[in-house]
Structures are given as structure tokens and as C-alpha cells.
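**Q** here are the coordinates; sequence isn't available:
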């Protein structure tokens, strides 16, 4: 089993892919006060959907990938704290360089 997890602002998405390539998806509510709880809830839902215990699911998991879109969502929705960026001389193009390209 390979599992991918994405913690979002509202939902935590969990995707499992078994050795045959079958895909199973579940959603649990995200828990901003403790993001790990949304992950555990999602893993429990995935295990239940596959008719396994959480222990059985994890025992047969060879890869677990975790990501989050919380920061991306904050930027897209223009929510969160107001921030600024200060750089030293010679680094004013730092944001443009972050992806490794420069004209």
C-alpha cells in the first residue's frame, strides 16, 4: 500500500493505492489545533474502507507521503498575518530566483 495525505484548511485528503493499482480515497475534517488528528482520522477511515484495522493498514504500507495546502490556501484567499520581507544588499531578486531561473 502507498498512501498520500494532504492537509487542507477544511479537509484532510487521504489516498491509498494498493499493489494492483486500485485507488481508494477518503476525506476527514482537518483539525487546525492539531493537524495530526485529521491525519489519524483519515487513516482510520481509509483502513475502514479497506476493511482493515489501522494497524493492518500501516503494517502493509510501504510508502507514506504527506503534504499540506494550508499555506497555499492562505495566500490564495488572502488570509493570515500581514507580512513583509527584508533582504540585504544583492538579494532583492530572491523571490524571482526561488525557482532557479533568472533572465
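**A** Yes, it's here. None of the values given here were measured: they were computed from a predicted structure.
**Q** OK, contacts around the residue sitting furthest away from the middle of the chain?
**A** For the chain, the residue at maximal distance from the C-alpha centroid (C-alpha atoms, centre = their mean) is residue 89, at 35.3 Å. Counting by C-beta atoms under 8 Å, 6 or more residues apart in numbering, residue 89 makes contact with nothing. (Each C-beta comes from the backbone N, C-alpha and C, glycine too.)
**Q** what's the helix or strand for it?
**A** When elements are assigned from DSSP states H and E, residue 89 belongs to no helix and no strand.
**Q** and the gap between it and residue 41?
**A** Counting by C-beta to C-beta, to the nearest Å, the gap from residue 89 to residue 41 is 49 Å.
**Q** hey, where'd the helices end up in the protein?
**A** 35-49, 54-59, 70-77, 94-97 (DSSP state H).
**Q** orientation of the first one relative to helix 70-77 in degrees?
**A** Relative orientation of helix 35-49 and helix 70-77, computed by axes from the mean of the first three to the mean of the last three C-alpha atoms, to 10 degrees: 110 degrees.
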